[in-house]
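Chemist: Predicted structure and sequence below. I'll ask about it afterward.
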2 protein chains.
Amino acid sequence: MSYKLFIPGPVEVSPSVYKAMTTPVFGHRSPDFVELYQSVQPRLQQLFFTGDPVYISTSSAWGVMEGALRNLTEKKVLNICSGAFSDKWHDVAKRCGKDAGAIKYDWGTPIDPEDVRRELSTGAYDTVTFIHNETSTGTMNPLAEIMAVVREFPEVISIVDSVSSFSVLKIPKDELGIDVLLTGSQKALALPPGMALFSASPRAHERAEKLADRGYYFDFLEFRKNHEKGMTPSTPVIPLIFGLRAKLEEIFEEGLDARFERHARLNAKVHAWIDRHGLETLPPRAFASKSLSCVKNLHEWDLPAIIAHLKEHYNCAIDAGYGKIKGKTFRISNMGDETDETMETLLRQLDETLAALGYTS
Amino acid sequence: MSYKLFIPGPVEVSPSVYKAMTTPVFGHRSPDFVELYQSVQPRLQQLFFTGDPVYISTSSAWGVMEGALRNLTEKKVLNICSGAFSDKWHDVAKRCGKDAGAIKYDWGTPIDPEDVRRELSTGAYDTVTFIHNETSTGTMNPLAEIMAVVREFPEVISIVDSVSSFSVLKIPKDELGIDVLLTGSQKALALPPGMALFSASPRAHERAEKLADRGYYFDFLEFRKNHEKGMTPSTPVIPLIFGLRAKLEEIFEEGLDARFERHARLNAKVHAWIDRHGLETLPPRAFASKSLSCVKNLHEWDLPAIIAHLKEHYNCAIDAGYGKIKGKTFRISNMGDETDETMETLLRQLDETLAALGYTS
């Protein structure tokens, strides 16, 4: 009863990754583990475009998103909110007892760097969080422009969620001055869920050294101390690290430029399909995500019926919208290992489904 | 280059579990996930001997050990320290900004319930933590006796780590009045690392409701809220839940009593081997763990040589001691799927190794 996933994560996991995950485990304080850990590090640094260490967290991305606040926010955090996950980050900051301010946008509206400048200019903040690619709204925020503004405020540590954009396009962490860049395993990396990756700058570690309430499980300094020995602070999810190693092999075999180009090309195919049906992306097209398309349900299609038909007849799944825009939008992912052929097949199956349901748009 | 693990976790993972882990993933907000989550719940409750929900945390046990403190310690926590992991729990409590007191024992000394009564009688505490089976010292603390004392103090919430004893013997959570019982995936459950399980009492949830700084990732109330929908608060490590489902099938096929009896029998075989070699367990024999034996290296054997020989000639691994007793002790696990045959084989291989290295004890 398995079916192919074009939802915005988890996405389809390849047989090669599943096979790698069955590699027999060993002790995480053994030389074998150190070898495994160190073997993935150089390529992770290349993918993060960073000279900083890349840490492996046995958690979903939320763990690191919360941990980053505990490690880095001493004075006040600015949460830029423009979708389900960035809105929630603001809530989580408050739940961690942090003083937190917000810039709030309607869902689908991209972040305006001028708003960020105005708010940071108050001098109230020592940290800022935002999501590069809002999975709930399919909005890709103008990362370089936002970071150019953030860099004007050297006391502000930046925490950027790239959960659904990481490895889809180049995110040059060091060049942009991103202090903490984090992602999860189950989006474009096409691994099963259960692991988060993040890289932190020396500035971030210096800030963490000043904070007393970092806790242990997500303590950045524990990550660094163990990283230097080729280990993780706590018992790691070894099967997913084996999966990651296999996936990195494949990513670098394809080549980063080719990978980025492929994602852009497949995304364009979805956009062409959207245009053909007289539809629109939720965000302005210039800010539409390159990894997943959040499409306004302008013709008021019966999305549950479409999804049921796709699953029953074609053994695949798209998504019927998230949170308060469920039903008003639907989402199609082009992340991970998808090819021209698999995306064209999906779009054709969608068309056949629409025809079968009597939609003639 | 895989080798059979008789270290105190991770232990050998069966092909059936690895196979289950390759079941194609799906969205964790889908009906398929709800079905998976709910399918493991009844048997987890049976294994925890509880009517309370059993939560699945995508983390190592440390995440829950830290999270429990953030959820439950309002006034002061008593950490009972008698080994590497219980000592560290005290440190973690302080790192979470909690007021924390400790009862400290030499490693290998079991917890004396009278000490617990004396300390809790001060009225200073609202939470107590201890480890049922200290993995570092192979000491099994007198759980029923300790809990009988803890129950005398109704304002004290108990948090019990059963990482290396869970499913090895009956731990009747509800009957003993344990508020939070937690474990990890990679010990006797013989799953790969990367997942923790815990069950929390209504009292624990009530306490959590009063605490403001629970955060999000390990917030017990989030776990409960999502549990009621058959979900987890954050993206879960789905492959390990598939593995868990398969393992639960096997556990209940064998039967709980038979499983407990098998672990006791295999443990007795290791003890007989210890006696035959004129050796001693680190703790007094009455408190020696039923899941792993921590043996004093009385004859000053060259442990690295023994371990290298075992790995090279017999493709298996035992452990050369943890932390400050590394080298002075070694550890042999009988957790998980081991059988009379596999344990006898290991002990024979150990004897052959000793002979090969010229030890004639």
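Modeler: Now that the structure is in, tell me what you want to look at.

Chemist: rest of the way, CA atoms for contacts and neighbours
Modeler: Fine.

Chemist: Next, the angle helix B:238-254 makes with whatever helix or strand A:F242 lives in.
Modeler: Using DSSP states H and E, A:F242 sits in helix A:238-254. Orientation of helix A:238-254 against helix B:238-254 (axes from the mean of the first three to the mean of the last three C-alpha atoms, to 10 degrees) gives an angle of 140 degrees.

Chemist: And helix A:238-254, what does it pack against?
Modeler: helix A:15-21, helix A:31-48 (3 or more C-alpha pairs under 8 Å, 6 or more residues apart in numbering or on different chains; DSSP states H and E).

Chemist: Please identify the most buried of these.
Modeler: Scoring the helices and strands packed on helix A:238-254 by mean neighbour count under mean count of other C-alpha atoms under 10 Å in any protein chain shown gives helix A:15-21 as the most buried, with a mean of 19.

Chemist: which residues does A:V25 contact?
Modeler: A:238-239, B:2, B:10, B:12-13, B:192 (C-alpha atoms under 8 Å, 6 or more residues apart in numbering or on different chains).

Chemist: so where's chain A uncertain?
Modeler: For chain A, the stretches flagged by pLDDT under 70 are A:1, A:361.

Chemist: quick one, helices of chain A?
Modeler: A:15-21, A:31-48, A:61-72, A:84-95, A:113-120, A:143-150, A:173-176, A:202-210, A:220-227, A:238-254, A:256-276, A:303-314, A:340-356 (DSSP state H).

Chemist: Nearest spatial neighbour of A:F260, chain-adjacent residues omitted?
Modeler: Closest residue to A:F260 apart from its sequence neighbours, by C-alpha to C-alpha, 6 or more residues apart in numbering or on different chains: A:L169 at 4.9 Å.

Chemist: pretty sure that neighbour is in contact with A:A258, am I right?
Modeler: No. Using C-alpha atoms under 8 Å as the test, A:L169 is too far from A:A258 to be in contact (10.1 Å).

Chemist: out of those two, which sits in the busier spot?
Modeler: Set side by side, A:L169 and A:A258 show more neighbours around A:L169, with 18 against 13, by other C-alpha atoms under 10 Å in any protein chain shown.

Chemist: I'd say A:G67 and A:Y216 touch.
Modeler: No. Look at A:G67 against A:Y216 with C-alpha under 8 Å: they stay out of range, at 9.4 Å.

Chemist: can you list the residues of the stretch 101-250 of chain A near chain B?
Modeler: A:192-195, A:212-217, A:234-239 (C-alpha under 8 Å from any C-alpha of the partner chain).

Chemist: 6 Å instead, please
Modeler: For the stretch 101-250 of chain A, the residues in contact with chain B (C-alpha under 6 Å from any C-alpha of the partner chain) are A:193-194, A:213, A:215, A:217, A:235-237.

Chemist: hang on, the earlier thing: okay, the helices and strands packed on helix A:238-254 in a markdown table with distance to chain B next?
Modeler: Listed next are these as a markdown table, based on distance: least, C-alpha to the nearest C-alpha, whole Å:
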| stretch | distance to chain B |
| --- | --- |
| helix A:15-21 | 5 |
| helix A:31-48 | 10 |
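
Chemist: Let's have those in JSON lines, adding distance to B:N141.
Modeler: JSON lines is the format used below for those (distance: least, C-alpha to C-alpha, whole Å):
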{"stretch": "helix A:15-21", "distance to B:N141": "36"}
{"stretch": "helix A:31-48", "distance to B:N141": "31"}
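
Chemist: So which of those is nearest B:L310?
Modeler: Among the helices and strands packed on helix A:238-254, the nearest to B:L310 by C-alpha to C-alpha is helix A:31-48 (15.7 Å).

Chemist: Outside of that closest one itself, list whatever touches it.
Modeler: Outside of helix A:31-48, the residues that reach it under the criterion C-alpha atoms under 6 Å, 6 or more residues apart in numbering or on different chains are A:230, A:245.

Chemist: thinking again about what came up before, tell me the angle of the helix holding A:F242 relative to helix A:31-48?
Modeler: Using the same axes, to 10 degrees: helix A:238-254 against helix A:31-48 is 40 degrees.

Chemist: can you tell me how far the residue nearest in space to the middle of chain A sits from chain B?
Modeler: Centre of chain A computed as the mean C-alpha position; nearest residue by C-alpha atoms, centre = their mean is A:V163, 1.0 Å away. Going from A:V163 to chain B by C-alpha to the nearest C-alpha, to the nearest Å gives 12 Å.

Chemist: show me the contacts for that residue.
Modeler: Listed by C-alpha under 6 Å, 6+ apart, the contact set of A:V163 reads A:183-184.

Chemist: Now do stretch A:64-74: distance to the chain's middle.
Modeler: Taking C-alpha atoms, centre = their mean, to the nearest Å, one finds stretch A:64-74 lying 17 Å from the centre of the chain it belongs to.

Chemist: neighbouring contacts of it?
Modeler: A:127, A:207-208, A:214, A:218.

Chemist: if we can go back for a sec, most tightly surrounded among the helices of chain A?
Modeler: Comparing the helices of chain A by mean neighbour count (mean count of other C-alpha under 10 Å), helix A:61-72 ranks first with a mean of 25.

Chemist: Just the C-alphas of it, formatted as PDB.
Modeler: Output of helix A:61-72 as PDB, limited to C-alpha atoms (Å, rounded to 0.1, in the frame of the first residue of the first chain):
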ATOM      1  CA  ALA A  61      14.200  20.400  12.600                       C
ATOM      2  CA  TRP A  62      11.900  21.800  15.400                       C
ATOM      3  CA  GLY A  63      14.400  20.600  18.000                       C
ATOM      4  CA  VAL A  64      17.200  22.700  16.400                       C
ATOM      5  CA  MET A  65      14.800  25.600  15.900                       C
ATOM      6  CA  GLU A  66      14.000  25.600  19.600                       C
ATOM      7  CA  GLY A  67      17.600  24.800  20.600                       C
ATOM      8  CA  ALA A  68      18.900  27.700  18.600                       C
ATOM      9  CA  LEU A  69      16.800  30.100  20.600                       C
ATOM     10  CA  ARG A  70      17.900  28.600  23.900                       C
ATOM     11  CA  ASN A  71      21.500  28.900  22.700                       C
ATOM     12  CA  LEU A  72      21.500  32.300  21.100                       C
END
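
Chemist: Specify the angle between it and helix B:61-72 in degrees.
Modeler: 70 degrees.

Chemist: rewinding a little: export the residues of the stretch 101-250 of chain A next to chain B to CSV and tack on neighbour count?
Modeler: Output for these, formatted as CSV (neighbours: other C-alpha atoms under 10 Å in any protein chain shown):
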residue, neighbour count
A:P193, 28
A:G194, 28
A:D213, 17
A:G215, 24
A:Y217, 26
A:T235, 23
A:P236, 24
A:V237, 26
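
Chemist: which pair in those residues spans the largest distance?
Modeler: A:P193 and A:D213 (27.9 Å).

Chemist: rewinding a little: identify whichever of the helices and strands packed on helix A:238-254 lies nearest to A:I251.
Modeler: Using C-alpha to C-alpha, the nearest of those to A:I251 is helix A:31-48, at 9.4 Å.

Chemist: A:I131 reaches A:I159, doesn't it?
Modeler: No. If you go by C-alpha atoms under 6 Å, A:I131 and A:I159 don't touch, sitting 8.6 Å apart.

Chemist: neighbour count winner among these two?
Modeler: Applying other C-alpha under 10 Å to A:I131 and A:I159 shows that A:I131 carries more neighbours, namely 29 against 23.

Chemist: which residues does that one contact?
Modeler: Taking C-alpha under 6 Å, 6+ apart as the test, what A:I131 contacts is A:160-161.

Chemist: so it bridges to which residues?
Modeler: Applying DSSP bridges to A:I131 gives these bridge partners: A:D161.

Chemist: ok, now A:L181?
Modeler: The partner residues for A:L181, given DSSP bridges, come to A:V160, A:S199.

Chemist: any idea how far it lies from A:F130?
Modeler: As judged by C-alpha to C-alpha, to the nearest Å, A:L181 and A:F130 stand 10 Å apart.

Chemist: what touches both of these two?
Modeler: A:V160.

Chemist: Of those two, which one has the most company?
Modeler: Counted by other C-alpha under 10 Å, A:L181 and A:F130 do not tie: A:L181 has more neighbours, with 28 against 25.
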